[in-house]
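**Q** Sequence first, predicted model second:
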Amino acid sequence: MGAANPNWWFITAGFFVGQGIQSVFIIFLTIELFFKNKTKLKQAYYFILYINCILDTLDNIAWLYDELVNYKVGDIGVAVAQVLIWYYIYSIGTWTFILSINRFTALAYPVVHAKVCEI
């Protein structure tokens, strides 16, 4: 593992705290988006954010797996985890752009946005 790095434990603790908060957020959005009939959160923005959080959690699980097996060469799990991490890193910009366009249209064109993003 990265125990040779003096900041490794601090980084790992931050990872677990952040993932815990994100897990609570995912549970909250799952309940709001899929189990409640009347909620103000059934908007395109929250669906996009929900998908982004799920993908980030998969990325975090892949990173944790890599750390636990110490990036073992020849392990198929490490190869899959590396591909997941690589694709997620390149998709962050796309998801952020989609969220920013959604917010821009909500502010600049509220009537059109309400019609297009109505779920």
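**A** That came through, no problem.
**Q** what's the spacing between the one helix or strand Q19 maps to and its chain's center?
**A** Using DSSP states H and E, Q19 maps to helix 8-30. Relative to the centre of its chain, helix 8-30 is centred 11 Å away, using CA atoms, centre = their mean, to the nearest Å.
**Q** Quick one: the helices in the chain, in order.
**A** 8-30, 44-68, 76-108, 110-116 (DSSP state H).
**Q** Output the ones you listed in a markdown table; the columns should cover distance to K38, mean neighbour count and mean pLDDT.
**A** In short, each C-beta sits where N, CA and C put it, glycine included. Output for these, formatted as a markdown table (distance: least, CB to CB, whole Å; neighbours: other CB atoms under 10 Å; pLDDT from 0 to 100):
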| stretch | distance to K38 | mean neighbour count | mean pLDDT |
| --- | --- | --- | --- |
| helix 8-30 | 16 | 12 | 90 |
| helix 44-68 | 14 | 17 | 91 |
| helix 76-108 | 20 | 13 | 91 |
| helix 110-116 | 17 | 11 | 82 |
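**Q** Just send those back as JSON lines, with distance to N37 too.
**A** As requested, the helices of the chain are exported to JSON lines (distance: least, CB to CB, whole Å):
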{"stretch": "helix 8-30", "distance to N37": "15"}
{"stretch": "helix 44-68", "distance to N37": "15"}
{"stretch": "helix 76-108", "distance to N37": "23"}
{"stretch": "helix 110-116", "distance to N37": "19"}
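**Q** one step back: just want the angle from the helix holding Q19 to helix 44-68.
**A** Angle of helix 8-30 versus helix 44-68, following axes from the mean of the first three to the mean of the last three CA atoms, to 10 degrees, is 150 degrees.
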